[in-house]
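Q: Sequence first, predicted coordinates after that:
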Amino acid sequence: MASIYEYSREELASLLAGEPRYRLDQLWQGLWVDGVALEAITTIPKSLRTRLRNQFPPSLEVANDVASDHGSTRKWVFRLENGSTIETVLMHYDDRVTVCVSSQAGCAMGCTFCATGQAGFSGQLNVGEVLEQVMFATREAAPARLSNVVFMGMGEPLANYHVTVGAVRRLHEYRGLSARHLTVSTVGVAPAIERLAKEGLPLTLAVSLHAANNETRDELVPLNRRYPLERLHAACSTWLETTGRRLSFEWALIDGVNDTDQAMDELAPYANSLDAHVNLIPLNPTPGYLVRGSSARRVAEFRDGLQRRGVNATVRNTRGRSIAAACGQLATVTNAKRRSIPVRSS
Ligand code: SAH
Ligand code: SF4
């Protein structure tokens with residue numbers, strides 16, 4: 001069933017045929033500006049709210065709700081209509097409130113260090129399911145204003161291309177989010193990056209690099225065998241030239257694998273030639289990959305080493321480790337076995 005968040009203003013107008021004209025403004029204000037639930041749009045008569053709610057039941061059912069970092073990180077497991085589950089994470093920072101959304105149920109890319117990749121693929125999300133994650137988190141974040149949306153949850157956004165583009169477009173046009181507040185993270189689907197560059201969307205692109213030599217990257221990110229570093233570099237250049245926006249590389253530091261001085265020497269020219277920013281994240285442990293993340297000391301050394309080589313590099317602090325809500329730990333199958341603090345379940 002369609003989600004009301006997929007409807008354009010014109011489509012909503014035709015749903016409201018026979019109602020006074022100002023109802024459309026009230027509905028739009030409630031759905032997109034105030035970001036409240038349909039049944040809470042009190043400017044609209046109850047009977048109409050009920051009719052719309054019956055026509056558009058929520059596509060996401062909360063299956064689990066956990067909190068960590070003293071409540072500043074929340075993770076929900078949602079069950080979709082087809083029975084598969086996805087995860088969404090809400091993070092409150094001093095200067096922003098970010099939701100991390102899933103673009104697929106599971107992921108088919110099979111990155112060895114990633115819990116989602118280890119669990120495999122179980123289906124595509126539709127635009128409504130992506131937007132409902134954002135709007136659910138918007139309501140839960142209140143009174144704080146949800147400011148950022150990152151496509152860094154389960155799945156590869158560019159392997160669900162039209163849905164990702166459709167969701168980003170609506171978040172920009174209907175919710176007013178722009179490039180600094182919308183980030184899509186990709187494992188490096190080169191042709192899709194080139195296509196995305198031409199969409200004219202206000203968007204920040206993050207590329208999950210993790211290794212700057214093909215041998216290591218082939219091991220960590222199997223898609224590298226199809227689109228090796230040279231091909232990815234060409235796609236990143238197209239992104240830079242076409243959009244004029246700086247991209248960032250994600251690099252999960254793995255002890256002895258990609259945190260060596262040699263790794264710095266390989267990464268620095270790759271990143272510098274694309275004027276890319278590098279985000280360092282210590283690897284989060286996952287059950288299917290037994291190599292450890294780098295120590296905090298090595299993470300700092302790696303950052304300093306990159307900076308000495310002229311790279312703009314920062315360390316991203318990981319949120320939600322204790323509830324398996326950190327990047328790459330999203331996999332409902334394995335999470336079920338972990339200890340977590342239940343807040344509410346249904
Ligand atoms: N599929 C996309 C987006 C989802 S993954 C992508 O790969 O970019 C979001 C981020 O989490 C990616 O940068 C990914 O490489 C990272 N990640 C995956 N597993 C991780 C782990 N165990 N520790 C740290 N980061 C991880
Ligand atoms: Fe998929 Fe991203 Fe995990 Fe790789 S890192 S398996 S692309 S979710």
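A: The structure has been received and is ready for your questions. Ligands and ions are numbered 1, 2, ... in the order given.
Q: which one is the residue in the stretch 1-150 of the chain that ligand 2 sits nearest to nearest to, not counting chain neighbours?
A: As assessed by CB to the nearest ligand atom, ligand 2 sits closest to G117 within the stretch 1-150 of the chain, at 2.6 Å. (Each C-beta comes from the backbone N, C-alpha and C, glycine too.) Closest residue in space to G117, ignoring its immediate chain neighbours: C111 at 4.2 Å, by CB to CB, 6 or more residues apart in numbering.
Q: Give the burial count for the residue of the stretch 1-150 of the chain closest to ligand 2, as a bare number.
A: 26 (other CB atoms under 10 Å).
Q: Could you check how far the stretch of helix or strand it belongs to is from the centre of its chain?
A: Assessed by DSSP states H and E, G117 sits inside helix 115-119. Distance of helix 115-119 from the chain centroid (CA atoms, centre = their mean, to the nearest Å) equals 15 Å.
Q: what do you get for stretch 215-229?
A: The chain centre lies 22 Å from the centre of stretch 215-229; the measure is CA atoms, centre = their mean.
Q: got the buried residues for whichever strand or helix holds A137?
A: Element membership of A137 [criterion: DSSP H and E] is helix 127-141. Within helix 127-141, the residues scored as buried using 16 or more other CB atoms under 10 Å are 127-138, 140-141.
Q: ok, and does it reach over to ligand 1?
A: No: Helix 127-141 is not in contact with ligand 1 by CB under 6 Å from any ligand atom; minimum separation 13.0 Å.
Q: Return the residues in contact with the residue of the stretch 1-150 of the chain closest to ligand 2.
A: 107, 109-111 (CB atoms under 8 Å, 6 or more residues apart in numbering).
Q: Ligand 1 contacts on the stretch 51-200 of the chain?
A: For the stretch 51-200 of the chain, the residues in contact with ligand 1 (CB under 6 Å from any ligand atom) are 113-114, 152, 156, 185-187.
Q: Going by residue numbers, what spans are helices in the chain?
A: 9-15, 22-28, 46-55, 115-119, 127-141, 161-173, 190-197, 214-220, 229-243, 261-273, 296-308, 332-335 (DSSP state H).
Q: picking that back up, how much space between the residue nearest to G117 and R292?
A: C111 is 17 Å from R292, where distance means CB to CB, to the nearest Å.
Q: Could you export the buried residues of helix 127-141 to JSON lines, including columns for pLDDT and distance to H172?
A: Below are those laid out as JSON lines (pLDDT from 0 to 100; distance: CB to CB, whole Å):
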{"residue": "V127", "pLDDT": "97", "distance to H172": "13"}
{"residue": "G128", "pLDDT": "97", "distance to H172": "17"}
{"residue": "E129", "pLDDT": "98", "distance to H172": "18"}
{"residue": "V130", "pLDDT": "98", "distance to H172": "13"}
{"residue": "L131", "pLDDT": "98", "distance to H172": "12"}
{"residue": "E132", "pLDDT": "98", "distance to H172": "17"}
{"residue": "Q133", "pLDDT": "98", "distance to H172": "16"}
{"residue": "V134", "pLDDT": "98", "distance to H172": "12"}
{"residue": "M135", "pLDDT": "98", "distance to H172": "15"}
{"residue": "F136", "pLDDT": "98", "distance to H172": "19"}
{"residue": "A137", "pLDDT": "98", "distance to H172": "17"}
{"residue": "T138", "pLDDT": "97", "distance to H172": "15"}
{"residue": "E140", "pLDDT": "97", "distance to H172": "22"}
{"residue": "A141", "pLDDT": "96", "distance to H172": "19"}
